[in-house]
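Chemist: Sequence and predicted structure, then a few things I'm wondering about:
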Amino acid sequence: MPDEVAKSEGSEGLKRRRLGVLNTAPQGETAPFTLDGPGTGAPTDAVTSETLKERVTQSLRTVYDPEIPLNIYDLGLIYGVDVSPEGDVHVRMTLTAPGCPVAGALVQEVHDRTREIPGVRRARTELVWEPPWTRDRLSMEARLELGLL
């Protein structure tokens, strides 16, 4: 089955691509893993993109890597959060390694947390591998916590 075949899931119409992290894409490439679905949080009046981005960032700071006792934001696993004026949120994230055993669960948690934020109309969470994660992406707080300073 091709990795890029999207299938509908549940009544919410979530679109999902098969997690093709390990050796399923052509040599030198990795298959994408993207979750996309409508927001489930309460609608809000007049939320600016900047405010919504701050809410998303704060929410992502509550998601912890199960193998490293730090949140994924300070670990540098979040590569970008883009928010449209309409409330559409696109989160690009990575993992510390392609063979991460919690890959699907961690991406799903990020997606679910983003969708629950009031004011999010639609959420798209994308697992990316370029650029590869390195320890240089750790925040100062994470470096202190891990004793890397």
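Modeler: On my side now, so go ahead. The structure displayed is predicted, hence computed values, not measured ones.

Chemist: Helices along the protein, start to end?
Modeler: 49-60, 103-115, 140-145 (DSSP state H).

Chemist: Save those helices as CSV, and put in mean neighbour count and distance to Ala123 too.
Modeler: Where you see a C-beta, it was placed from the backbone N, CA and C, and this is true even at glycine. Shown next, in CSV, are the helices of the chain (neighbours: other C-beta atoms under 10 Å; distance: least, C-beta to C-beta, whole Å):
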stretch, mean neighbour count, distance to Ala123
helix 49-60, 16, 9
helix 103-115, 19, 4
helix 140-145, 14, 25
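
Chemist: Could I get those in TSV, plus columns for distance to Leu77 and mean pLDDT?
Modeler: Output for the helices of the chain, formatted as TSV (distance: least, C-beta to C-beta, whole Å; pLDDT from 0 to 100):
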stretch	distance to Leu77	mean pLDDT
helix 49-60	9	96
helix 103-115	8	94
helix 140-145	10	93
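
Chemist: Can you say which of these is nearest to Leu70?
Modeler: Nearest to Leu70 among these is helix 140-145 (5.2 Å), distances taken as C-beta to C-beta.

Chemist: in this protein, which spans are strands?
Modeler: 7-9, 14-16, 33-38, 78-83, 88-93, 122-127 (DSSP state E).

Chemist: Can you list the low-confidence ranges for the protein?
Modeler: Applying pLDDT under 70 to the chain picks out residues 1-32.

Chemist: if we go to 50?
Modeler: Within the chain, the ranges that satisfy pLDDT under 50 run 1-28, 30.

Chemist: Show the contacting residues for His90.
Modeler: 80-83, 123-126 (C-beta atoms under 8 Å, 6 or more residues apart in numbering).

Chemist: contacting residues around the nearest residue to Val47 once chain neighbours are set aside?
Modeler: In space, and not counting its chain neighbours, Val47 is closest to Gly119: 3.9 Å by C-beta to C-beta, 6 or more residues apart in numbering. Residues in contact with Gly119 (C-beta under 8 Å, 6+ apart) are 39, 41, 43-44, 47, 51-52, 55, 87.
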